[in-house]
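# need the 3D shape of this:
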Amino acid sequence: MNEEAKRPGIAAPPNPHVKLLIEFGPLAAFGITFTLHGVFLYVFEDEERPKETAYRIKRYAAIPAIIGFVIAVAGGALARYVTGKMAYVLLPLFSFSLWLGTLSLIVLAASLFTIAHLRGWALRHEKQFRGIDDACRASKAFLDQLETEERQSNPSENKPRMLLPEAVSQGKHSISAMILLAALLVSNSACATLASDDPGSDDSSVPKAISPEADLQVFIDWSGSCVRPALDEAWMTVQAELPTIIEQYRIGKLIIWSFDQDGWCPKRNAELELPVPMTAERPKLDGGEWESFSNIRDAVREVEDREWEKRQAVVMDQYRHELGKTLTPLESAQILPDAKYSTPRSDIVGLFERISAMHDRRPQYVIVLTDMADTRRRVWPKIDSPKIDVHALVLVVPAQASDAVLTLGKPLSGPEQFEARQHQIQEAASWVTLAPYFVRNIPELLKSRGSNAQ
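Now for the predicted structure:
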């Protein structure tokens, strides 16, 4: 549907097929009616018994047409009140009711027209007969004598006079009329389903690719100041939730970095081009001539939604399978440092300055695993917000006791270190979100900017 059709008070442009039916529908119905009139005369004609002809037309055409129309009206009334899945299941029955009602009215019109034709013919011939009868009575003797002489001279004139006109009795209604009737009924049926205008309707089940919308970057502190079991748990949590993060934010590229003494220049440990997410094509079902009924329209939309959900489930299963295969190399890659690896300094402020200076074209989602123990700066400088759309989440890992004393002045516990880091990040980089290393709702935390999760 175009934009104008969605605006309130503006009707959608008329369907060209419907416009064509409106223009040629009456002409087609008129032609079918006259064709049926000829067929009825051809099939039910009894030259010597016109009343029998009218009776046959009533019995085999008019009465069945009335019954068919009553059944069609009942089916149409049912279409107005049934709702839900049952409305869509019964949609073929409703379309058949409309077809039956249209055909019944045409047959009824043709039968009544044929009966009127027979009665009009009988009335005209009755008047002609009375005129001839009056002339006969005036000259009966002369006519009797004339008829006697004519019988003797020309025996072939003994053929009885036919009640119907010669033109009718000679079978001018040929079998071709029945062939024409069948062709008209097939091509001009009012309830025939209109062909789809969508040139790609044959490929409606083919899923479409979705362009990746963002990148995901994971920075891991390799300085050796983090409590190792906590760092391991934090990475396991991130690794477990990577598929959900990638799927939810349509991540196209995953990069994993490590940093220690120089946060501005981290080391690239892994880079993965992720599979392109797919979406199933939404099916387009036609409610036909019942589309104007709100219950039928809603039922068709519900069936479309259920069919799309089934297709989408299959597409997403395939995508998740491919995504799992793509992420498999992370199992064997060296993402975390050796247990004995350590550096004399750490530079978390430099890393935040690098994140603040990002100028990528796509939105960036950043996860940092660190204890935030920056040994180069006791007082953090103010770090400007990124110029692009950046969602930064820091999972705070407790620092070793010696590093806590070096950066905070006291051997604080894990909760105390997290509280102190909250104050630091709030003053220096309020656009960064902080959370403990053991949180399990990383996709939700990446939505907001600058909030602190407990």
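# which stretches of the stretch 101-250 of the chain form strands?
All strands of the stretch 101-250 of the chain, identified by DSSP state E, counting those that start in this stretch, fall at 208-209, 214-221.
# of those strands, flag the one that's most buried.
strand 214-221 (a mean of 23; mean count of other Cβ atoms under 10 Å). The C-beta positions use only the backbone N, C-alpha and C, and glycine is treated the same way.
# can you name every helix or strand that that strand contacts?
Under the contact criterion of 3 or more Cβ pairs under 8 Å, 6 or more residues apart in numbering; DSSP states H and E, strand 214-221 touches helix 228-249, strand 251-259, strand 364-370.
# one more time with 10 Å, if that's ok
Counting contacts by 3 or more Cβ pairs under 10 Å, 6 or more residues apart in numbering; DSSP states H and E, strand 214-221 is packed against helix 228-249, strand 251-259, strand 267-273, helix 348-356, strand 364-370, strand 390-396.
# next, format the ones you listed as a markdown table and append distance to Phe69 and mean neighbour count.
Converted to a markdown table, the helices and strands packed on strand 214-221 look like this (distance: least, Cβ to Cβ, whole Å; neighbours: other Cβ atoms under 10 Å):
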| stretch | distance to Phe69 | mean neighbour count |
| --- | --- | --- |
| helix 228-249 | 56 | 18 |
| strand 251-259 | 61 | 21 |
| strand 267-273 | 66 | 14 |
| helix 348-356 | 75 | 22 |
| strand 364-370 | 65 | 25 |
| strand 390-396 | 66 | 25 |
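# Arg311: which of the ones you listed is closest?
For the helices and strands packed on strand 214-221, the distance to Arg311 is smallest for helix 228-249, at 16.9 Å, taking Cβ to Cβ.
# quick one, the closest one and strand 214-221 angle?
180 degrees (axes from the mean of the first three to the mean of the last three Cα atoms, to 10 degrees).
# which stretches of the stretch 251-400 of the chain have low pLDDT?
286-293, 295 (pLDDT under 70).
# adding distance to Gly76, write the helices and strands packed on strand 214-221 out as TSV.
TSV is the format used below for the helices and strands packed on strand 214-221 (distance: least, Cβ to Cβ, whole Å):
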stretch	distance to Gly76
helix 228-249	47
strand 251-259	53
strand 267-273	57
helix 348-356	66
strand 364-370	56
strand 390-396	56
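# look up the pLDDT of the residue nearest to Phe44 when sequence neighbours are not counted for me, please.
The spatial neighbour of Phe44 that comes closest, neighbours along the chain excluded (Cβ to Cβ, 6 or more residues apart in numbering), is Arg56 at 4.1 Å. pLDDT, the model's per-residue confidence, is 80 for Arg56.
# any idea how far Gly414 lies from Gln400?
In this view, Gly414 and Gln400 are 11 Å apart by Cβ to Cβ, to the nearest Å.
# ugh, wrong one, Pro212
In terms of Cβ to Cβ, Pro212 sits 39 Å off from Gln400.
# and Lys226, what are its bridge partners?
Let me fix one detail, which is that residue 226 is Cys and not Lys. Beta-bridge pairing for Cys226 (DSSP bridges): Ala399.
# ditto for Val432
Bridge pairing for Val432 - DSSP bridges - gives Ala392.
# and it, how far is that from Ile383?
Applying Cβ to Cβ to Val432 and Ile383 gives a distance of 8 Å.
# between the two, which is the more surrounded one?
Val432 (24 against 19; other Cβ atoms under 10 Å).
# check what pLDDT that one gets.
93.
# wait, isn't it in contact with Glu353?
No: using Cβ atoms under 10 Å, Val432 makes no contact with Glu353, being 11.8 Å away.
# quick check: buried residues in stretch 55-65?
56-58, 61-62, 65 (16 or more other Cβ atoms under 10 Å).
# and Trp257, what does it touch?
Each residue near Trp257 by Cβ atoms under 10 Å, 6 or more residues apart in numbering is listed here: 217-220, 222, 263, 265-271, 351, 354, 366, 368.
# okay, and the common contacts of Val432 and Ile383?
Residues touching both Val432 and Ile383 (Cβ under 10 Å, 6+ apart) are 352, 355-356, 425.
# domains in this structure, by residue range?
14-192, 212-277+325-445 (automatic domain parsing).
# deepest in the core, which of those is it.
Counting by mean count of other Cβ under 10 Å, the most buried of the domains of the chain turns out to be domain 212-277+325-445, with a mean of 18.
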